[in-house]
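Chemist: Need a 3D model of the following:
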Amino acid sequence: MFLGTHEPRLDEKGRLVLPAKFRDGLEKGVVITKGQDRSLVLWPMDAFSAYADRLREASRTDARVRSFLRVFFSSAFDQVPDKQGRITLPSGLRDYAGLDREVIVVGADTTIELWDAASWDKYLANAEPSFADVSEEVVPGVF
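Modeler: Residues are numbered from 1 along each chain as shown. Okay, here's the model as predicted:
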């Protein structure tokens, strides 16, 4: 489980040092994909494989499904973090998410999200006020 918010910086080569507390869960490799809201999603290899299995169940006769699958898989990159816990973010993905130097790394349970710092601040400013109000709708019966 990945938790918390971290603020590493991208170096001049587009490399990101992963938070030390996340590294054990990523040592087998990661897949980096486009995410929602102009973020990137970093998947542990096992979690990505499980998600891909679920996607294979979707009907390819639906144009929306085909479009999603094409964009999702064509923008995915796999790699293994180096000994310093660094990964390289491909330039196309950096452009998609607007990543320059200031990156916010968000633990999101089974995945990790990578956000441009300004975009994350804007997202939180919009999402936090309704956080408590939507909890019962998002997870009925838990609260």
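Chemist: which SS class is Asp78?
Modeler: Secondary structure, DSSP: H, G, I helix; E, B strand; the rest coil: Asp78 is strand.
Chemist: quick one: it from Ser130, how far?
Modeler: 35 Å (CB to CB, to the nearest Å). In short, each C-beta sits where N, CA and C put it, glycine included.
Chemist: cool, Asp109 as well?
Modeler: Where Ser130 is concerned, Asp109 sits at a distance of 20 Å (CB to CB).
Chemist: just so I have it, where are all the helices in the protein?
Modeler: 20-23, 45-55, 63-74, 91-97, 117-127, 131-138 (DSSP state H).
Chemist: which regions of this protein sit below the pLDDT cut-off?
Modeler: Counting by pLDDT under 70, the chain shows low-confidence ranges at 135-143.
Chemist: what sits against the residue most central in space within it?
Modeler: Taking CA atoms, centre = their mean, the centroid of the chain lies closest to Val41, which sits 1.5 Å from it. With contact taken as CB atoms under 8 Å, 6 or more residues apart in numbering, Val41 is in contact with 32-35, 108, 111-114.
Chemist: same thing but 7 Å
Modeler: Val41 makes contact with 33, 35, 111, 113, according to CB atoms under 7 Å, 6 or more residues apart in numbering.
Chemist: got a markdown table for these, with neighbour count too?
Modeler: Output for the contacts of Val41, formatted as a markdown table (neighbours: other CB atoms under 10 Å):
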| residue | neighbour count |
| --- | --- |
| Thr33 | 21 |
| Gly35 | 22 |
| Thr111 | 19 |
| Glu113 | 21 |
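Chemist: And Asp78 and Ser130? Which one has more around it.
Modeler: Asp78 (12 against 9; other CB atoms under 10 Å).
Chemist: Distance check, that one against Asp11.
Modeler: Distance of Asp78 to Asp11, computed by CB to CB: 21 Å.
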